[in-house]
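# Please work out how this folds:
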Amino acid sequence: MKNIIETERLILREIEFTDENDMFELESDPEVHLYIENNPVKSIEKIREIIGMLRNQYKENGVGRWAVINKQTGEFLGCCGLKYFKESLNNHQHFYELGYRFKKKHWGQGFAHEATQACVEYVFKNLNIEAIYAITDPKNLASINILKKIGFNYIETFDYEGDLIEWFELKTNF
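Okay, here's the model as predicted:
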């Protein structure tokens, strides 16, 4: 397994097929998906498909969503990273979007902030990009707080398939 980032408490590494049970626990939880299309995964086969897609993103784009691992215990906490969007979203195309989700039992412990901060720093230092974007449901106050804490600026609210979504941007300062 390729470690990408290390922080004081965390390791961010590529998601492997051996993570399928942890990914299923994460992705099948309705509360985790409440603000993410509200569509939890229902089968391990779908998780294998998702992991395959993530593995392809690493090869094609050099980034993707990474597993977030507790450095002390080795436990899989969630995932965090960037997705490269080739398709158009909110009048943007060919951009990087920060995304993260954690198992509910790890909410409120600062892992999301620590992982997202490290991810943003890594990407700006190692990829030649000028901005990262993030989208979130306006009701997801915890996510909005994390984005603002690491320096993202609210840009606008837009309609995405009948739902209002908030659009955030962070420009490089490295």
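# what residues does the worst-scoring helix or strand of the chain on mean pLDDT touch?
Least confident helix or strand of the chain, by mean pLDDT, DSSP states H and E, is strand 3-6 with a mean of 86. Strand 3-6 is touched from outside by 11-14, 66, 71, 118-119, 122, with contacts defined as Cβ atoms under 8 Å, 6 or more residues apart in numbering. The C-beta positions use only the backbone N, C-alpha and C, and glycine is treated the same way.
# May I have the strands that pair with the helix or strand following that strand, each with its orientation?
Sequence-wise, the next helix or strand downstream of strand 3-6 (DSSP states H and E) is strand 10-14. Here strand 10-14 has these sheet partners by DSSP bridges: strand 3-6 (antiparallel), strand 65-70 (antiparallel).
# And the last one, what's buried?
Read that as strand 65-70. The neighbour-count check on strand 65-70 (16 or more other Cβ atoms under 10 Å) flags 65-69 as buried.
# after that strand comes which helix or strand?
Following strand 65-70 toward the C-terminus (DSSP H and E): strand 76-85.
# got the contact list for residue 28?
Shown in contact with residue 28 (Cβ under 8 Å, 6+ apart): 40-42.
# So which of those residues is the closest to residue 155?
residue 40 (28.6 Å; Cβ to Cβ).
# So which residues of this structure form helices?
Chain-ordered helices for the chain, with DSSP state H as the definition, fall at 20-27, 44-61, 111-126, 141-149.
# distance between the third one and the chain's centre?
Helix 111-126 has its C-alpha centroid displaced from the chain centroid by 10 Å (Cα atoms, centre = their mean, to the nearest Å).
# Buried residues, the least confident helix or strand of the chain. List them.
Under 16+ other Cβ under 10 Å, the buried positions of strand 3-6 are 4-5.
# Now do that strand: distance to the chain's middle.
15 Å.
# what do you get for stretch 150-164?
16 Å.
# Now the terminal residues of it, how far apart.
Taking Cα to Cα, to the nearest Å, stretch 150-164 runs 23 Å from one end to the other.
# which residues touch it?
Contacts of stretch 150-164 (Cβ under 8 Å, 6+ apart): 89-90, 98, 113, 116-117, 120, 132, 134-135, 137-138, 144, 148, 165-170, 173.
# just for this structure, where's the confidence low?
1, 173-174 (pLDDT under 70).
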